[in-house]
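In: task: produce atomic coordinates for the following.
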Amino acid sequence: MNQNSLFKRTKLRLTCYYAGVMGVILSICGLGVYEAIAHAHWITLDREIESVAGALHDSLETVLKQPGQLEPDVLRIIPDLCFIDSKKSDNIQFIFTYYPHNKSNKNDILTYPNSEVNCLPILDEKGKEFHRLAPYHNHYYLIHLFNNSGDLVAFTGTHHLDVSPHVRGEVWQTFTDQKGIRYRQYSLILHTRNQQNWGILQLGRSLQDFDQYMNVVTLILVIGLPLALILVGFASLKLAGIAMQPIYSSYQQIQQFTADAAHELRTPLAAICATVESTIKLDPLTETEAKETLKTVERQNHRLSKLVQDLLLLSRMDQENISLSKKLCCLNDLISDAQEELAAMVLNADLSLKIEITDKQPIYSLGNEEQLYRVIFNLAINAIQYTPSKGQIIFCLYSSHQQAIIQVKDTGIGIPLTEQSRIFDRFYRVHSDRSRKTGGSGLGLAIVKAIVKAHRGSIEVESQPGIGSTFTIRLPLKPTATLVCYSKGKASG
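Out: Okay, the predicted model is just below:
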């Protein structure tokens, strides 16, 4: 229970770490995106204002003659320009030049007591309104014209009357009107035709659309970031579970391995202790009884020694950087040696052992000869232990697709399909009672798999209960010098 809670706490900590790190990254990215969007739009606005102001500046300088005075041709450039009559002080005075439909030219002074006035459209001699091409004629732009004394001479758009003009010498200014609308303003010095200083041109643009757009971006980030963090939290919980699964599985395997190893070590130790205790109680102790006791101790000690050696071998095989002394091994010789060594054991078990080799040439593989021999030997011992009398064991050897293939077949009791995926686990026995009678520790097939894996090979099993089993080993094929020379000669011929 404590172990499970430990893994749960670790999983929650990993989830918090993942979510925290991703939250910081997303926040930084969101802030960066916001700043990038704002900067890009701000630069675009400045370029737009600068471009429009430059075009207007160049157009005005072609018609200005006297400093501080506006010529009638200015109205053709800025048709809705409002002139301030500085002689009137009670009300704001606007002078408009227009051509009525009766074609009688005259100048009227229009007085408006507040900022609700609307400038009249400028009409040509035919009574048609001037066509306005410049972008500053829309409601986003405002224009202020100041003389050299800093007095406001004219401006555009009476809807901008509540905007206080700023003459402070700065080229770029940002200010807010009484309605809370921000403006970005660009100032340029105006000259007359003869390059005299006329005054200052200020072109401002409303930032209302910019602020609305950035408000939308902010809203998206404010809503999207928490939602993203929630999704990241769920994903982090899932990823933490996936990351913890191999660790938990390994921990369970270590626990199982420790329990199995302790059990396997306890059995011979208990047998030795029981034998020694029973012998001590004998009085007098005969020579025959002493020898039997020593034989029992020797047998159990041999079992312990073999178990420890197998565990050490598996521990070495688990290390990925293990280096085995490899050389060119003739698999034909290894199978023949195994047949000779197992002949007596096969005879005692009332079994038959034969070899089937289809290739005419010897089959070689690069590996450790002792370990490869142990693979064949362990599979043969396993077949002998689980094959009833009168049964048959077959060693098959052949090559296919640049692989050396070794098969160990038997007509034994077989392995159920549900158990086949676990037979290569350490200390696992399909029939534990039968294995203990034969002295098996359950490490033989685990050692086989580890050795084959260390030789970059593979092993698989096919089995049917009551019919038998077939273990197939695939190792990289190593051609001999004779075969290489033969293949080259055949190619040149």
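In: check contacts around residue 221.
Out: Counting by C-beta atoms under 8 Å, 6 or more residues apart in numbering, residue 221 touches 30, 33-34. C-beta: built from backbone N, CA, C; applies to glycine.
In: residue 16: neighbouring residues, count only.
Out: 14 (other C-beta atoms under 10 Å).
In: just the buried ones out of the contacts of residue 221, please.
Out: Taking 16 or more other C-beta atoms under 10 Å as the criterion, what is buried in the contacts of residue 221 is residue 30.
In: which members of the contacts of residue 221 occur in helices, if any?
Out: Of these, the ones assigned to helices by DSSP state H are 30, 33-34.
In: what about residue 225, distance to residue 196?
Out: 57 Å (C-beta to C-beta, to the nearest Å).
In: neighbour count winner among these two?
Out: More neighbours surround residue 225 than the other of residue 225 and residue 196, with 16 against 13 (other C-beta under 10 Å).
In: could you give the mean pLDDT of the strand or helix carrying the more buried one?
Out: Residue 225 belongs to helix 208-281 when elements are defined using DSSP states H and E. Helix 208-281 shows a mean pLDDT of 83.
In: now do stretch 389-401
Out: Stretch 389-401 carries an average pLDDT of 91.
In: for it, buried residues please.
Out: Neighbour counts over stretch 389-401 (16+ other C-beta under 10 Å) mark 391-397, 399 as buried.
In: from the chain's centre, how far out does that stretch sit?
Out: 47 Å (C-alpha atoms, centre = their mean, to the nearest Å).
In: hey, C-alpha coordinates of that stretch in PDB?
Out: This file holds the C-alpha atoms of stretch 389-401, laid out as PDB (Å, rounded to 0.1, in the frame of the first residue of the first chain):
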ATOM      1  CA  SER A 389      10.100 -41.600 -22.600                       C
ATOM      2  CA  LYS A 390      10.100 -42.900 -26.200                       C
ATOM      3  CA  GLY A 391      10.000 -39.300 -27.300                       C
ATOM      4  CA  GLN A 392      12.300 -37.600 -29.900                       C
ATOM      5  CA  ILE A 393      14.500 -34.500 -29.900                       C
ATOM      6  CA  ILE A 394      15.800 -33.000 -33.200                       C
ATOM      7  CA  PHE A 395      18.500 -30.400 -33.800                       C
ATOM      8  CA  CYS A 396      17.900 -28.600 -37.100                       C
ATOM      9  CA  LEU A 397      20.500 -26.200 -38.700                       C
ATOM     10  CA  TYR A 398      20.100 -24.300 -42.000                       C
ATOM     11  CA  SER A 399      20.700 -20.800 -43.400                       C
ATOM     12  CA  SER A 400      18.100 -18.400 -44.900                       C
ATOM     13  CA  HIS A 401      18.200 -14.700 -45.800                       C
END
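In: quick one: the helices in this structure, in order.
Out: Under DSSP H, the chain gives helices at 2-61, 74-77, 208-281, 287-318, 331-348, 369-385, 432-438, 444-454, 481-492.
In: closest one to residue 325 among those helices?
Out: Closest to residue 325 of the helices of the chain, according to C-beta to C-beta: helix 369-385, at 9.0 Å.
In: avg pLDDT for that closest one?
Out: Helix 369-385 shows a mean pLDDT of 90.
In: mind listing what's buried in that helix?
Out: By neighbour count with 16+ other C-beta under 10 Å, helix 369-385 contains the buried residues 369, 371-385.
In: same for it, what does it pack against?
Out: Packing partners of helix 369-385 (3 or more C-beta pairs under 8 Å, 6 or more residues apart in numbering; DSSP states H and E): strand 327-330, helix 331-348, strand 392-400, strand 403-410, helix 432-438, helix 444-454, strand 468-476.
In: chain center to the longest one: distance?
Out: It stands for helix 331-348. 53 Å.
In: list the contacts of residue 469.
Out: 383, 386, 409-410, 412, 414-415, 461-463.
In: again, only this time at 6 Å
Out: Taking C-beta atoms under 6 Å, 6 or more residues apart in numbering, we find residue 469 in contact with 410, 414-415, 463.
In: farthest-apart pair in the residues you listed, please.
Out: Using C-beta to C-beta, the contacts of residue 469 span at most 10.7 Å, a distance reached by 410 and 415.
In: of the two, which one has the most company?
Out: A side-by-side neighbour count of residue 410 and residue 415, using other C-beta under 10 Å, places residue 410 first with 26 against 20.
In: show me the beta-bridge partners of the more buried one.
Out: Beta-bridge partners for residue 410, by DSSP bridges, are residue 393, residue 469.
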